[in-house]
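Novice: quick one, fold the following:
(3 chains)
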Amino acid sequence: MRTPFGVALALATALALSFLILPIVAIFVDIPPGQLLDGMNDPAAVDALVVTLKTTLVANALIILVGTPAAYLIATHAFRAKPLLVTAVELPLVLPPAVAGIGLLAAFGRFGLLGGTLDVVGLSIPFTQLAVVFAVMFVAGPFYIRAAISAFESVDPALTGAARTLGAGPGRTFFRIALPLASGGLGAGWALCFARGIGEFGATIMFAGSLQGVTQTLSLAVYEQFDVAFDVALAIGAELVIISAFILLAVKLVPTWTRSTSPSTTLFAPTASR
Amino acid sequence: MRRGLAVGALLLVAVAALAGFQTGRDAGPATVYAAASLTDVFPKVSPSSRYQFAASNQLALQISRGAPADVFASASPAYTQQLFRDGRVEKPRTFATNSLVLAVPRSNPAKIRSVYDVAKRPKLKLVVAGENVPIGLYTREVLRRLALLRVLRKAVSHEPDVKGIVGKLALGEADAGFVYATDVRSASSRLVAIRLPKRSQPTVRYEAAVVKGAGNRESALEFVADLLSTDGRRELERAGFGLP
Amino acid sequence: MDTLDLALDHPLRSYRLSLDVSLGRETLALVGPSGAGKSSVLRAIAGLLRPERGRVALGEAVWLDTEAGVELPPERRSVGLVFQEYALFPHLDVRRNVGFGGREKVDELLERFRISQLAGARPGDLSGGERQRVALARALARDPAVLLLDEPLSALDAHTRAIVRGELAELLDDLGLPTLLVTHDFEDAAALADRVGVIVDGQVLQLGAAADLLAAPADAFVASFTGANLLHGNARPGLDGLTEVVLDDATVAYSTDEGGGRVGLAVYPWEIALARGEAADSAVNHIRGEVRSLVPLGNRVRVRVGPLTAEITAASAERLDLREGERVVASFKATAARLVPLS
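Specialist: Residues are numbered from 1 along each chain as shown, chains lettered A, B, ... in the order given. Below is the predicted model of the structure:
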């Protein structure tokens, strides 16, 4: 590390890390910790936390439960419309959040495509907690599904084929072989999905509005508290950081098999790592 | 040796670029931070100025924390006066007034005829703004004068600025909302305005102030002058604002 | 044990795979260059590939019949398939790998393949030979009625390969199952199988015992594939009932086979003798040439002389003191000169 090149590398790393870490640390030290904790106890902050936890949990659970089998099907079958299908799944990713919100209204709003049908069933989605769940699923779901497709595609088909010849039906093959081997990629994809979901603002405010205790998530609350009580805004920001850090770390602990699904090794192939 | 030179040159360019990004405080057009309700009319008053539209309370906060605005135009005197007291802006000038209306979507799904209907309907999707946003302040003022504050319980959303309220009404998702008369003017095809009782109208006064230490003080003063000029006042009147 | 009946007709990348074969309690090897469609055959039997047309049946049990619309999924067919790269489950230890198809016989199989001590190891920690044994054990755990082996020896290094070949031959004998194995190496096929089928571009050129293929290769490809030297020439009836072949380099050779017109003359390396001059022996074919290379192979030496490759004992090579660049005479009998049609 003594060469000029080594020094340059170290310098670059130091710069990058400090730049990324500084704003996050600043959130926690800008005001005294006592004030920060008081901010977290503010009713607006507490309500926002509850709303976020509830909606994030439901949204992510649905994304995983529905998205995983869908991704598996898309990944393991070749059909002519496949590129089109994958593009359709990825489309919400490139939409500006406000446009996503408009789309959701156009589909599920009072005068939207399904508005009439929903009305008949007595279901009105905009301005409800369900709307928040919808918004999160729409903007964050594609991150997971796209990563899941990739993860399942990278599972050596010889392995799933072997499982079938050993008597495992398609279901058992999925649960015992494909899922464990794809878990690294699934986890990484979900982390991204979670991050996008918890930071979601534009589509939520457009489709669900912002009402404390009902639809005001942590992200929306920060925005409102920003000029009302800056301490509370900081506290909410700190909560977001803590939750995100917790999830990101938890995902890292899922054993990763993504790099070496082929059991044949060369001298340089990586062995399964944690 | 050559590689080191290349890296050095790259760094120099990067630094220069960053410096260029720094404040944008070259002598040039004024940067105007203005209330959301001025979005349509200000560019007509001064096409060459650069604008940032948002809720006045947010803009006030940003300016107090050093945002590079040359002029601040607020929908409520509260914010300009506070910044003036804090020494962040020069003496504010009133340049327009506005009034509030109750707006409903063109299709009027809740069949609202007057503000009292809002109180009468059991299930209503009312959209208001947060109490720190000028339109939110004014709305509560109106309701207080009519002794109808309980109507706020019907709110399904507290929007961060008036444009959010207008948007939800225009899309037909909300049943009713309180907006400025000028907003209905600009979204006339999708909104219907319902007059509020005269006695309930709050004083909606717009103030503009030059930000102290502005990089383009010349342009800033020019902008305020434009605002108060005959041409400027005509544009404001055409947009539906009242003139002081 | 039932007979496995196999009939396939399936388009592959640049040719059609067409096969019609039956095997009883024997090992049949399909040999051919890579990409000849051999792996597809195994996949079709296992149910991992649906051929355009075909029928796969084990005795009375029909696994696939495209005409009758019958297609059993892989898990309902009684096959044991050993993949080329073994396809061991990397996230399961050896015991769980072997027991994936059924747990009753695990210990017995671990014992039989001498891998009991590896039961807790992960596939990533094993050597090539060990992995092959795990793969075999795993394939047999379900007591399959048919065994399918995809290039069983190609993933092994040369040394391990020789050992494993012997062990595998013994195992296949012991098991007595209808076994279909595919390989690109004729020697492996000859060592492991009762019958060998040479398959090229989707077509079986010749099917029979290895010795038969050597004695009478059906065409030039089979001949060269089984290791013969192949010379080109024009044949016409000659004296004494022999066929005279004028080779392209103008040398004249003789064969006891019948033939006319353009032919290939195939002679195996181990049928060629080398000498410094023309010996007065019964061999009628003598080809003079320059020693181009000498490659020792254990107790033998492969010598390239002119257009031919001869295989002689190392001792003989010593005795003759062969050097590169020297002119020698390669001799072989007319009975060893096989005439094959040129494809």
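Novice: A:A8: neighbour count?
Specialist: 12 (other CB atoms under 10 Å in any protein chain shown). (C-beta placed from N, C-alpha, C; glycine too.)
Novice: could you do C:A158 as well?
Specialist: C:A158 has 7 nearby residues by other CB under 10 Å.
Novice: and the helices in the chain?
Specialist: In the absence of a named chain, this looks at chain A. A:4-29, A:33-41, A:43-76, A:82-94, A:97-108, A:115-121, A:129-153, A:157-165, A:170-173, A:179-198, A:202-207, A:218-228, A:230-252 (DSSP state H).
Novice: wait, I meant chain C there
Specialist: With DSSP H as the criterion, chain C has helices at C:38-46, C:94-98, C:106-112, C:128-140, C:158-175, C:186-192, C:210-215, C:220-225, C:314-320.
Novice: just chain B next, same as before
Specialist: Going by DSSP H, chain B shows helices at B:2-21, B:42-45, B:56-64, B:77-85, B:115-120, B:134-145, B:162-170, B:181-186, B:217-228, B:230-239.
Novice: those helices: which one's closest to chain C?
Specialist: Closest to chain C of the helices of chain B is helix B:2-21 (CB to the nearest CB; 40.4 Å).
Novice: domain ranges for chain C?
Specialist: C:4-220, C:223-340 (automatic domain parsing).
Novice: now do the contacts for residue 80.
Specialist: All of this is about chain A. For A:R80, no contacting residues are found, by CB atoms under 8 Å, 6 or more residues apart in numbering or on different chains.
Novice: oops, I was thinking of chain C
Specialist: Counted by CB under 8 Å, 6+ apart, C:G80 has contacts A:T165, C:A139, C:L140, C:R142, C:P144, C:V146, C:L147, C:L148.
Novice: ok, those vs chain B, which is closest?
Specialist: For the contacts of C:G80, the nearest to chain B is A:T165 (55.5 Å; CB to the nearest CB).
Novice: so what's the most centrally placed residue in chain B closest to, chain neighbours aside?
Specialist: Central residue of chain B (CA atoms, centre = their mean): B:A35, 1.8 Å from the mean position. Leaving aside its chain neighbours, B:A35 sits nearest to B:A75 (3.7 Å; criterion: CB to CB, 6 or more residues apart in numbering or on different chains).
Novice: what distance do you get for that neighbour to B:N98?
Specialist: Computed as CB to CB, to the nearest Å, the B:A75 to B:N98 distance reads 7 Å.
Novice: joint contacts of the two?
Specialist: With CB under 8 Å, 6+ apart as the test, B:A75 and B:N98 both reach B:S37, B:Y180, B:V204, B:Y206.
Novice: quick check: which of the residues you listed has the minimum pLDDT.
Specialist: Minimum pLDDT across the shared contacts of B:A75 and B:N98 is recorded for B:S37, with 88.
Novice: in the stretch 151-274 of chain A, where is pLDDT below threshold?
Specialist: Filtered on pLDDT under 70, the stretch 151-274 of chain A yields the residue ranges A:254-274.
Novice: that one against chain B: which residues are in contact?
Specialist: A:205-206, A:208-212, A:214-216, A:223-224, A:226-228 (CB under 8 Å from any CB of the partner chain).
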